[in-house]
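Enquirer: no sequence on this one, just coordinates:
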């Protein structure tokens, strides 16, 4: 059985200000932290014990997942992020000797990893990464392979019109245990910047496997809002938390009576005054609006409300949100 690792140390800078008070792996999608959806993929592969490295607001991540009775997590709390490969190196004592399946803690996905793992074994691969086809590769690292799926080279976030592939690297990796010999201890080390170029230079068997299903790294506020809307429309099959009412998902204990909602995710314990009108919105748990308002394409949180325009979250200062008292 392979071992699993979640990479959850990132700052999520491009998601600011949504990540000013909440780390990116805990951003709620369908009222469930995004990292929980990645853990669910590992569980479907039969993995029930994982490792995870955290840094920015890591105590919040640990508190959220340490209470899960069906999951054992070995934590690495880094004072400074050591990179994607460096974080895994820090957990070598738990992972060494077995294949490792890595998923980014900020990736929202509904993917069956079993075919990727089977292909890794069949190819005799040293590293296998999962890829998805994307329309706009400019936000991703894309992968170029030969006809057999063996990776030839990468192109990082190509400018529009210069891309040589539409196969995006998902950050889902299957690694042979010998990978630890290539990663120095106590240093910042990154898979894309350091490990992958060395693997190609050495000519080790390095494969990409295209996967079906849903994947996004919720890299910016627009992606984050769209992921929630994709859940509501059935574009992604993940477990949501709450009750489906019309085209909305309403969390436990949320107060929405007298509000008009269309295509909205409302978190547990949220309070919306009568007269509110929300369309294409996400309301975080335990968020209370002090007065009625009209919102469209917005994310409403305990620390503020934001109109989402493409990749940007614009504060709506006149509609500040507050933390609801527990009922």
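Expert: Happy to help now that I have it. Everything numeric here is computed off the predicted structure, so don't read it as measured data.
Enquirer: what segments of the chain are helices?
Expert: With DSSP state H applied, the chain shows helices at 34-44, 58-65, 84-89, 92-95, 114-123, 196-202, 221-233, listed in chain order.
Enquirer: got CSV for these, with distance to residue 50 and mean pLDDT too?
Expert: The way it works is simple: take the backbone N, C-alpha and C, and place the C-beta from them, glycine included. Formatted as CSV, the helices of the chain follow (distance: least, CB to CB, whole Å; pLDDT from 0 to 100):
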stretch, distance to residue 50, mean pLDDT
helix 34-44, 6, 93
helix 58-65, 9, 94
helix 84-89, 12, 96
helix 92-95, 9, 94
helix 114-123, 15, 97
helix 196-202, 23, 96
helix 221-233, 22, 95
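Enquirer: which stretch among these comes nearest residue 282?
Expert: Each of the helices of the chain was checked against residue 282 via CB to CB, and the shortest separation belongs to helix 221-233, namely 4.9 Å.
Enquirer: coming back round to it: please identify the deepest-packed of the helices of the chain.
Expert: Mean neighbour count (mean count of other CB atoms under 10 Å) peaks for helix 84-89 among the helices of the chain, with a mean of 25.
Enquirer: elements contacting it?
Expert: In this structure, helix 84-89 makes packing contacts with strand 3-8, strand 49-54, strand 100-104, judged by 3 or more CB pairs under 8 Å, 6 or more residues apart in numbering; DSSP states H and E.
Enquirer: what number of residues lie near residue 20?
Expert: Residue 20 is surrounded by 12 other residues when neighbours are defined as other CB atoms under 10 Å.
Enquirer: oh, I was asking about residue 128
Expert: 26.
Enquirer: how close does it get to residue 37?
Expert: With the distance defined as CB to CB, to the nearest Å, residue 128 ends up 21 Å from residue 37.
Enquirer: kindly report the same for residue 189.
Expert: Summarising the geometry, the distance separating residue 189 from residue 37, computed by CB to CB, is 27 Å.
Enquirer: off-centre distance for stretch 295-313?
Expert: Between the mean C-alpha location of stretch 295-313 and the chain-wide mean there is a distance of 19 Å, by CA atoms, centre = their mean, to the nearest Å.
Enquirer: begin at 578 from here
Expert: Got it, first residue is 578 now, which makes that one stretch 872-890.
Enquirer: ok so, going back, just put the helices of the chain in CSV and tack on distance to residue 879.
Expert: Listed next are the helices of the chain as CSV, based on distance: least, CB to CB, whole Å:
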stretch, distance to residue 879
helix 611-621, 18
helix 635-642, 13
helix 661-666, 29
helix 669-672, 35
helix 691-700, 38
helix 773-779, 39
helix 798-810, 16
